[in-house]
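> Sequence below, structure please.
(2 chains)
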Amino acid sequence: MEIQETEDIVTEDTDETDKISGRESKTAIQTKKLSVYFNDRPAIEDISLKIKRNTVTAIIGPSGCGKSTFLRSLNLMHDMTPKARVYGEILIQNEDITEFNAVDVRKKVGMVFQKPNPFPTMTIYENAVSGLKLNGKTKKSELDEIAEKNLKYAGLWEEVKDRLKTPAMSLSGGQQQRLCIARTIAVRPDIILMDEPTSALDPISTSKIEELIYNFKNHYTIVIVTHNMQQAARISDLTAFFYLGKLIEYSKTRRMFTNPKEKLTEAYVTGKFG
Amino acid sequence: MKQNTLKLSKPVNLTRRKVTNSVMISLCVIAGVITILPLLYIFFYTTKSGISSLNPDFFTQLPKPVGETGGGMANAITGSLILIGIGGLIGIPVGVLSGIYISEYSGNITSTVVKFITDILSGVPSIVIGIFAYGIIVLPMQRFSALAGGFALGILMIPTVTKVTEEMLRLIPQSLREASLALGVSRWKTTLRIVLTTASSGIVTGILLATARAAGETAPLLFTSFGNSFWQTNIDEPMAALPLQIFAYAISPYEDWHRQAWAGAFVLIFLVFTVNLLVRYVTRKKY
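Predicted coordinates:
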């Protein structure tokens, strides 16, 4: 898979004139001095980075370095943890998300989890449209169309079109994960966060999901946390390396894996630790 | 090439281990048998003594005055259903909602206190709950009533239903809540449509068992619902209930009443048994 060259956005400034949400802006996500504390212990500290629209950004680093914590702060998931405190700014399309309702933010910033988690009481079809149904959209013809479109888009339609009414739990792990992706894109987010989406899957399912991620780039901004450095190299345009809660290096993926600036990054990507 | 030197060392006291093993297994089997024996015996004995007095009259007739044979417990069966209905109206919503509160909004002082108090409430003897209902409903109303009895049963059901709801909700993995929230679904909708729905079969089980338990309670009804030999469906009047009627008939000196008490006990056990079967049916694996 050819890695697409992108401009180096780490040094480049965003077009600050574009402040109204919904309008095109080159920067999809920007964090400014983002810190998250659990029980007064820092999980991530002073993370400042910009994520460009329609790119795949990988976040790598050893376990416990704060990758997931960073990812989960982008869709305000820490709101659910009473002992978590978030400092700093998170801008999505140049707007501070803390000024918005978490529910509205999450409609724009979808998330795919490590373990496939379809709703166990629902059928495949119901899962595919669950986000819309739970938010009050009930017109059947519309839902049917959306379900088909997104299941096709997630590369699952051919496998499930004859058994849409069967329980989602009857699918294999890889199929479940693609169902979760279909469910996520049905809400029409701009950004998709993926927290190690393939770490519970077999190699074939993994390659299917990687293919999806690669194709999704034209429509979505994707931030993916991964433990698998080959995966980061295969699918991402940019890579951020986290270590002990700090952002160590952030640059184009190709440079990151061939000619990193930091010693620590080099040691990690060459497998000397982690 | 080095030879494979994997060698099993023989335990010194192999025989002792085998003996201990079989002794412990036998103890477990004996304990299991002891558990089922009383139930089998109760079932057998009530069926034997009760089924002979069971006839259509038992379900359709009112109790006959002393000296006349026949009659039935229609009023007590209806009364029990009404009392459980009132109890359920109080116990189920309060129990489910406080279970949701303890499970989904844990981590603050109030929720910890509610949890603690619920545990204590489940240990309060049912007769004390009866006295409580007597104090706050019977005394101000100046009379025994089904309302007071149903209230007492409702209070009894609360801790069981709360506990079961809490435990069932805690079994739902956090990832499922997050999956729903990440779709931009609000928290209350997530709780109601995802968490509660996924846990529903377990919660329904708990509710049915709590109801069956309440159906057999006698003590809290003694000075609340009080009992009634006549037909009564007015909930602010004293009302008959199966356990009360069984109690009254069983301590009477009349042979015919004893037989009726057995029949009542049989009906009660049959009801509880049916509820349990219903539970099995509801909780059968669907997926």
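
> who touches residue 100 in this structure?
Because you didn't say which chain, this covers chain A. Residue A:100 makes contact with no residue under the criterion CB atoms under 8 Å, 6 or more residues apart in numbering or on different chains. In short, each C-beta sits where N, CA and C put it, glycine included.

> actually chain B
B:165, B:169, B:191, B:196.

> show me where the stretch 151-274 of chain A has helices.
With DSSP state H, counting those that start in this stretch as the criterion, the stretch 151-274 of chain A has helices at A:157-160, A:173-186, A:203-216, A:229-235, A:253-258, A:263-269.

> Can you name every helix or strand that the fourth one contacts?
In this structure, helix A:229-235 makes packing contacts with strand A:56-60, helix A:203-216, helix A:253-258, judged by 3 or more CB pairs under 8 Å, 6 or more residues apart in numbering or on different chains; DSSP states H and E.

> for chain B, what are the nearby residues on chain A?
Proximity of chain A to chain B, by CB under 8 Å from any CB of the partner chain, involves residues A:75, A:77, A:80, A:82-83, A:102-108, A:110-111, A:113, A:115, A:117-121, A:130-131, A:134-135, A:167, A:169-170, A:180, A:183-184, A:187.

> so which of the helices of the stretch 151-274 of chain A comes closest to residue B:47?
Closest of those to residue B:47 is helix A:173-186, at 49.5 Å (criterion: CB to CB).

> Now that closest one: buried residues?
A:174-186 (16 or more other CB atoms under 10 Å in any protein chain shown).

> Per-residue pLDDT of residue A:104, please?
If you check residue A:104, the pLDDT there is 92.

> If you rank the contacts of residue B:100 by neighbours, which is first?
The most neighbours of any of the contacts of residue B:100, using other CB atoms under 10 Å in any protein chain shown, belong to residue B:165, which has 26 neighbours.

> Now that one: closest residue in space that isn't a chain neighbour?
residue B:99 (2.6 Å; CB to CB, 6 or more residues apart in numbering or on different chains).

> what element comes up after the strand or helix carrying residue B:197 heading to the C-terminus?
According to DSSP states H and E, residue B:197 maps onto helix B:196-198. Where DSSP H and E defines the elements, the next helix or strand beyond helix B:196-198 is helix B:200-215.

> just checking, what packs against the next helix-or-strand element following that following helix?
Per DSSP H and E, helix B:200-215 leads on to helix B:219-222 as the next helix or strand towards the C-terminus. Applying 3+ CB pairs under 8 Å, 6+ apart, one finds that helix B:219-222 contacts helix B:126-133, helix B:146-170, helix B:242-250.

> Ok, which of those helices comes nearest residue A:155?
Of all the helices and strands packed on helix B:219-222, the one in closest proximity to residue A:155, counting by CB to CB, is helix B:146-170 (34.5 Å).

> quick one, the closest one and helix B:200-215 angle?
150 degrees (axes from the mean of the first three to the mean of the last three CA atoms, to 10 degrees).

> any idea how far the residue most central in space within chain A is from residue A:108?
Geometric centre of chain A, nearest residue: residue A:193, 1.5 Å, by CA atoms, centre = their mean. Distance check for residue A:193 against residue A:108: by CB to CB, to the nearest Å, it reads 11 Å.

> Where does the stretch 151-274 of chain A get nearest to chain B, which residue?
In the stretch 151-274 of chain A, the residue that lies nearest chain B is residue A:167 (4.6 Å; CB to the nearest CB).

> Surely that residue and residue A:127 touch.
No - contact criterion CB atoms under 8 Å: residue A:167 and residue A:127 do not qualify, at 9.3 Å.

> between the two, which one's more packed in?
Neighbours were counted for residue A:167 and for residue A:127 using other CB under 10 Å; residue A:127 has more, 29 against 18.

> OK, contacts around the more buried one?
Contacts of residue A:127 (CB under 8 Å, 6+ apart): A:118-119, A:168, A:179-180, A:182-183.

> Counting neighbours, what do you get for residue B:204?
16.

> again, but for residue B:171
The number of residues packed near residue B:171 is 11, by other CB under 10 Å.

> For it, which non-adjacent residue is spatially closest?
Nearest non-adjacent residue to residue B:171, counting by CB to CB, 6+ apart: residue B:199, 6.8 Å away.

> tell me the pLDDT at the one you found?
At residue B:199, pLDDT is 93.

> For the stretch 101-250 of chain B, list the residues in contact with chain A, please.
Residues of the stretch 101-250 of chain B lying close to chain A by CB under 8 Å from any CB are B:107-108, B:173, B:175-186, B:189-190, B:193-194, B:197-198, B:200.

> can we see that at 6 Å?
B:107, B:175-176, B:179, B:182-186, B:189, B:193, B:197-198 (CB under 6 Å from any CB of the partner chain).

> would you turn those into JSON lines with neighbour count?
Converted to JSON lines, these look like this (neighbours: other CB atoms under 10 Å in any protein chain shown):
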{"residue": "B:107", "neighbour count": "9"}
{"residue": "B:175", "neighbour count": "14"}
{"residue": "B:176", "neighbour count": "19"}
{"residue": "B:179", "neighbour count": "27"}
{"residue": "B:182", "neighbour count": "30"}
{"residue": "B:183", "neighbour count": "27"}
{"residue": "B:184", "neighbour count": "23"}
{"residue": "B:185", "neighbour count": "24"}
{"residue": "B:186", "neighbour count": "16"}
{"residue": "B:189", "neighbour count": "16"}
{"residue": "B:193", "neighbour count": "18"}
{"residue": "B:197", "neighbour count": "16"}
{"residue": "B:198", "neighbour count": "20"}
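
> May I see those arranged in TSV, with distance to residue A:152 and secondary structure as well?
Shown next, in TSV, are these (distance: CB to CB, whole Å; DSSP: H, G, I helix; E, B strand; the rest coil):
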residue	distance to residue A:152	secondary structure
B:107	42	coil
B:175	26	helix
B:176	26	helix
B:179	22	helix
B:182	22	helix
B:183	19	coil
B:184	22	coil
B:185	24	coil
B:186	29	coil
B:189	27	helix
B:193	26	helix
B:197	28	helix
B:198	28	helix
